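Visitor: below are the sequence and a predicted model for it; my questions follow.
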Amino acid sequence: MKIINPKFEISAVKPSQYPKNNLPQIVLVGKSNVGKSSFINTMLNRKSLARTSNTPGKTRQINFYNIDNSFYFVDLPGYGYSKLSKEEQVNMGNFIENYLEKNSNIALIVFLVDIRHNPTNDDLLMLDYIKKTNLPFIIIANKADKLAVTKVESEVQKIKNFLGLSFSIVLPFSSERKIYTENAWNEIEKFILE
């Protein structure tokens with residue numbers, strides 16, 4: 001995938017703020033600090049288009065990145081970050097749900113998990129929710145650079161088994177090792193080039 005001019009377009013919390021075109025949207029979900037912003041930057045070969053942070057819970061809105069006017073990466077706020085007040089958590093949950101249920105431009109959900117650990121209870125709830133939307137999804141097992149290359153495939157298989165996803169696509173990924181980027185693009189392109 002050749003990317004020429006990706007740009008941040010808008011942060012939104014309600015449908016009236018979403019982009020008004022019908023470009024396909026690739027939606028990124030995952031817990032706080034799983035590396036959604038780094039995934040965007042690596043895929044687009046940009047250092048800091050999506051702001052990364054060492055502090056989990058920084059993304060509080062839905063961020064739309066316009067990729068060459070042909071599709072969007074949409075970064076949803078991470079979940080499982082306990083320092084938000086209960087009210088903030090409920091509000092965020094509501095606008096994320098609203099987005100996922102009422103947006104007809106979602107082409108694919110990219111669900112990021114940490115390759116080093118079993119998925120959390122929050123991850124399991126999110127997977128359950130994703131399945132209920134009936135939208136296509138792939139799973140990115142991020143932070144593969146934290147493992148020896150020889151262990152990556154077995155950890156991916158462990159995640160598949162843990163989630164009971166024998167037929168789903170689970171791909172390793174690393175922002176440090178660019179070797180996995182092409183496989184991720186190959187899957188995503190199937191949903192934006194139809």
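Guide: Thanks, I have it.
Visitor: partner strands of the top strand by length along the chain, parallel or antiparallel?
Guide: Looking across the chain with DSSP state E, the single longest strand is strand 106-114. As defined by DSSP bridges, the strand partners of strand 106-114 come to strand 25-30 (parallel), strand 137-142 (parallel).
Visitor: for the last one, C-alpha coordinates in PDB please.
Guide: Taking only C-alpha atoms (Å, rounded to 0.1, in the frame of the first residue of the first chain), the coordinates of strand 137-142 have been written out as PDB:
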ATOM      1  CA  PHE A 137     -12.600  -8.200  12.100                       C
ATOM      2  CA  ILE A 138      -9.000  -9.200  12.400                       C
ATOM      3  CA  ILE A 139      -6.800  -9.400  15.500                       C
ATOM      4  CA  ILE A 140      -3.400  -7.800  15.700                       C
ATOM      5  CA  ALA A 141      -1.100  -9.400  18.400                       C
ATOM      6  CA  ASN A 142       1.000  -6.300  19.000                       C
END
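Visitor: one step back: dump the strands paired with strand 106-114 to a markdown table, plus mean neighbour count.
Guide: Heads up, the C-betas are built off the backbone N, CA and C, glycines and all. As requested, the strands paired with strand 106-114 are exported to a markdown table (neighbours: other CB atoms under 10 Å):
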| stretch | mean neighbour count |
| --- | --- |
| strand 25-30 | 24 |
| strand 137-142 | 23 |
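Visitor: which of those sits closest to residue 189?
Guide: strand 25-30 (10.1 Å; CB to CB).
Visitor: pLDDT of that closest one, averaged?
Guide: The average pLDDT within strand 25-30 is 96.
Visitor: touching it from outside, list them.
Guide: 36, 39-40, 64, 71-76, 78-79, 100, 103, 105-113, 123, 126, 130, 142, 188, 191-192 (CB atoms under 8 Å, 6 or more residues apart in numbering).
Visitor: the bottom helix or strand of the protein by mean pLDDT?
Guide: Within the chain, confidence by mean pLDDT, DSSP states H and E is lowest for helix 86-102 among all helices and strands, at a mean of 79.
Visitor: quick one: list the elements packing against it.
Guide: Helix 86-102 sits against strand 62-67, helix 121-133, with contacts defined as 3 or more CB pairs under 8 Å, 6 or more residues apart in numbering; DSSP states H and E.
Visitor: pull the number of nearby residues for residue 41.
Guide: Other residues near residue 41 come to 20 when the count uses other CB atoms under 10 Å.
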